[in-house]
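Asker: Fold the following.
(2 chains)
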There are 2 protein chains.
Amino acid sequence: MTQLIDIAVVGATGSVGETLVQILEELSFPVATLHLLASMESAGTGVMFAGKKLKVREVESFDFKQVKLVFFATSAAVSRSFAPKALKAGCTVIDLSGALEDAVPLVPEANAERVSQLSQPVLITSPAAGAVALAVALAPLKGLLDMERIQINACLSMSAQGKEAVGELARQTAELLNARPLEPRIFDRQVAFNLLAQVGAPDEQGHTGVERRLVSELRQLLGLPDLKISVTCIQVPVFFGDSFSVAVQSRRPVDLAAVSRALDSAASVELVEPGDYPTPVGDAVGQDVVYVGRVRRGIDEDEQLNLWLTTDNVRKGGALNAVQVAQLLIKHMA
Amino acid sequence: MTQLIDIAVVGATGSVGETLVQILEELSFPVATLHLLASMESAGTGVMFAGKKLKVREVESFDFKQVKLVFFATSAAVSRSFAPKALKAGCTVIDLSGALEDAVPLVPEANAERVSQLSQPVLITSPAAGAVALAVALAPLKGLLDMERIQINACLSMSAQGKEAVGELARQTAELLNARPLEPRIFDRQVAFNLLAQVGAPDEQGHTGVERRLVSELRQLLGLPDLKISVTCIQVPVFFGDSFSVAVQSRRPVDLAAVSRALDSAASVELVEPGDYPTPVGDAVGQDVVYVGRVRRGIDEDEQLNLWLTTDNVRKGGALNAVQVAQLLIKHMA
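Answerer: Got it, this is the predicted structure:
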């Protein structure tokens, strides 16, 4: 019988944190005691877990020695403030913010073997949703494609920016449809029926943090240090579900039949046959897989593979990957 | 004084056709008599031009000998049926459908020199909006970039599919916000708050007609027969204005300052400085230029140029380019 573990989830009131708690229950994770933590402003609410209502407490005053495993589903600032405390108390930390420099990015379907190379205390990044999705879909193709370069267009949903962003899209949309004055709050402009060409402020080279994070994490997850990755992350007026248009440049012609077979049997991938295609709304949301469609070679080049991915960024791209990493760690330590 | 010309606009009741008529008036095009034509179902309505209400007549019974210049702002089927008649009657034809095989794609900002190489009768394609936008933005960079490959993600607005598609997005959105049952009509599924990974049916290689058209026309417009182009066209829940995420692979490092200077002074280009970015709603719609932003080198490679374009596909990408082509032809023949 698996030993039960005392766990803390920091950020338990955000959408990723809430989903993480639900998934711990759905997957019957071996939880002894579950501590739900949040910043002062969000503490006090009640969250259901295994039939009980648990009170969300302030992370500021929490003694991490009470737990063995901590999930951080929080902003970079909160992770930076409290992850060191958790590590010092001897906890294994799985962080979703991407802000912790020495953290090892892990996606079980892509680089599970890293779990045997982890130093103590264990500090893992559950990567950005896009990096998770791309790693899940592309890792199974490593043997088939001699990957030189990947070009990604990431269409991020509102949920990628949190609950308030989801609410803002609904409100702005209603304002426009009812001819009321538009009042942007979370965003600095109209997002309804619009595309925002960048998510977050660009640095001096013109790239945003989400773009740099996706490139760095994906390269590590695929274990291809010379792979060149290029990405543009845009904000689209979709509530839930991130989507990715991908072009992979191989050094040799793509064997499309072999690629399709590999995707069809890959873990956590649902391949949609040519002719049809997956969408965030119709397919991805609420599901545990990465949907892959429009698999084809480049119009001009047999050495190029084009594909379209969509996944529930909060679930598969976030909370579920984090729990699956924890499951992998438990198996490894057993 | 410029000689006045008898002109016909076929498809005068569609959004591109209507816009074309407006632009003929805005630019004081030297019109003698303007004939507005449409298929049987759309004929009979009145359209204002130069202070007069003109009746839209059936194209089926029109005698093209009455005119010298014909714009086809119609479906491929209508262009294929009637352009040959117009050519046979000695007309110059500017077609926006892309369906006519021997038509020469022309964008004055990109390949104006083609106008001196046209055989009679003159048959020109005003290219797909994406090809127009990309040609306008990239032609000025040909000397600065040794272009090997271009990768494009085209986010097409509803207006790219016509007036009914624009109405469908509004209706579906209202249905969802008001918790009424969704009734997809023009599209086979929900488009509101969703992304459709393909526009039109894919062929056996998995590419759609709009994708093949964009690649073929752009390569011709840039005059680079060995240039490899890769594209994914997706449908986004935006009413008006197409947007494009572009990665240009050069064979040598990109001189970003020189590229920015070239774009800043390029005809029909509005360059948005780093930090900010243009959007379809906030910038492009109703304007006569291609907005360019997020100009930067690839995260991993100095040999790559990334940029974001957005333009009014009905206007600059369609009707305005067609009229500008006609202006170029008149100048050339003068």
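Asker: List the buried residues for stretch A:223-239?
Answerer: Neighbour-count burial for stretch A:223-239 flags A:224, A:227-239 (criterion: 16 or more other C-beta atoms under 10 Å in any protein chain shown). Placement of C-beta: from N, CA and C, glycine included.
Asker: That one spans what distance, first to last residue?
Answerer: Taking C-alpha to C-alpha, to the nearest Å, the span from the opening residue of stretch A:223-239 to its closing residue is 32 Å.
Asker: any bit of that stretch sitting next to chain B?
Answerer: Yes: for a cut-off given as C-beta under 8 Å from any C-beta of the partner chain, stretch A:223-239 has contacts with chain B, namely A:228-232, A:234, A:236-239.
Asker: and those, which two are the farthest apart?
Answerer: Using C-beta to C-beta, the residues of stretch A:223-239 next to chain B span at most 32.8 Å, a distance reached by A:Lys228 and A:Phe239.
Asker: got TSV for the residues of stretch A:223-239 next to chain B, with pLDDT and secondary structure too?
Answerer: Converted to TSV, the residues of stretch A:223-239 next to chain B look like this (pLDDT from 0 to 100; DSSP: H, G, I helix; E, B strand; the rest coil):
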residue	pLDDT	secondary structure
A:Lys228	98	strand
A:Ile229	98	strand
A:Ser230	97	strand
A:Val231	98	strand
A:Thr232	98	strand
A:Ile234	98	strand
A:Val236	98	coil
A:Pro237	98	coil
A:Val238	98	coil
A:Phe239	97	coil
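Asker: Now flag whichever of those residues is closest to A:Val166.
Answerer: Using C-beta to C-beta, A:Phe239 is the member of the residues of stretch A:223-239 next to chain B that sits closest to A:Val166, with 5.4 Å.
Asker: so what's that closest one up against?
Answerer: The neighbours of A:Phe239, taking C-beta atoms under 8 Å, 6 or more residues apart in numbering or on different chains as the test, are A:157-159, A:166, A:169-170, B:193.
Asker: let's go with 7 Å and repeat that
Answerer: If a contact means C-beta atoms under 7 Å, 6 or more residues apart in numbering or on different chains, then A:Phe239 has A:157-159, A:166, A:169, B:193 as its contacts.
Asker: And for A:Pro274?
Answerer: If you count contacts by C-beta under 7 Å, 6+ apart, A:Pro274 has them with B:202, B:206.
Asker: Confirm it sits in a helix?
Answerer: No: inclusion of A:Pro274 in a helix is not indicated when DSSP: H, G, I helix; E, B strand; the rest coil is applied; the result is coil.
Asker: and it, backbone torsions?
Answerer: Here is the backbone geometry of A:Pro274 (degrees, to the nearest 10): phi -50, psi 150.
Asker: How about residues contacting the helix or strand harbouring A:Cys155?
Answerer: Take DSSP states H and E as the rule and A:Cys155 turns out to sit in strand A:147-156. Residues from elsewhere that reach strand A:147-156 (C-beta under 7 Å, 6+ apart): A:130, A:134, A:199, A:214, A:224, A:227-236, A:242-251, B:151, B:153, B:195, B:245, B:247.
Asker: Please name the nearest non-neighbouring residue to A:Asn194.
Answerer: B:Val281 (4.1 Å; C-beta to C-beta, 6 or more residues apart in numbering or on different chains).
Asker: which residues touch the one you found?
Answerer: Neighbours of B:Val281 in contact, by C-beta under 7 Å, 6+ apart: A:190, A:193-194, B:241.
Asker: Tell me which of those fall in strands.
Answerer: Mapping the contacts of B:Val281 onto strands (DSSP state E) picks out no residues; all lie outside.
Asker: Out of these, give me the one that has the most neighbours.
Answerer: When neighbours are counted by other C-beta atoms under 10 Å in any protein chain shown, B:Gly241 leads the contacts of B:Val281 with 35 neighbours.
Asker: Would you state the predicted confidence (pLDDT) at that one?
Answerer: Model confidence at B:Gly241, expressed as pLDDT, equals 98.
Asker: circling back to that earlier point, give the next helix or strand downstream of the strand holding A:Cys155.
Answerer: Beyond strand A:147-156 on the C-terminal side, the first helix or strand identified by DSSP H and E is helix A:163-177.
Asker: just checking, what packs against that following helix?
Answerer: The elements that helix A:163-177 packs onto, with contact taken as 3 or more C-beta pairs under 7 Å, 6 or more residues apart in numbering or on different chains; DSSP states H and E, are helix B:163-177.
Asker: Contacts for the helix it packs on, please.
Answerer: Contact with helix B:163-177 is made by A:173-174, A:177, B:14-15, B:158-159, B:181-187, B:190-193, B:237, B:239, as judged by C-beta under 7 Å, 6+ apart.
Asker: That one to helix A:163-177, inter-axis angle?
Answerer: Direction vectors for helix B:163-177 and helix A:163-177, defined by axes from the mean of the first three to the mean of the last three C-alpha atoms, to 10 degrees, enclose an angle of 120 degrees.
Asker: pLDDT on helix B:163-177, on average?
Answerer: Here the average pLDDT along helix B:163-177 is 96.
Asker: residue boundaries of the helices in chain A?
Answerer: Using DSSP state H, the helices assigned to chain A run over residues A:15-26, A:76-88, A:108-111, A:129-138, A:163-177, A:209-222, A:256-265, A:320-333.
Asker: Quick check: A:Asp63 vs chain B, distance?
Answerer: Relative to chain B, A:Asp63 is positioned 41 Å away (C-beta to the nearest C-beta, to the nearest Å).
Asker: Setting the sequence-adjacent residues aside, check what's closest to that residue.
Answerer: With C-beta to C-beta, 6+ apart as the criterion, A:Asp63 has its nearest non-adjacent residue at 7.5 Å, and that residue is A:Ala89.
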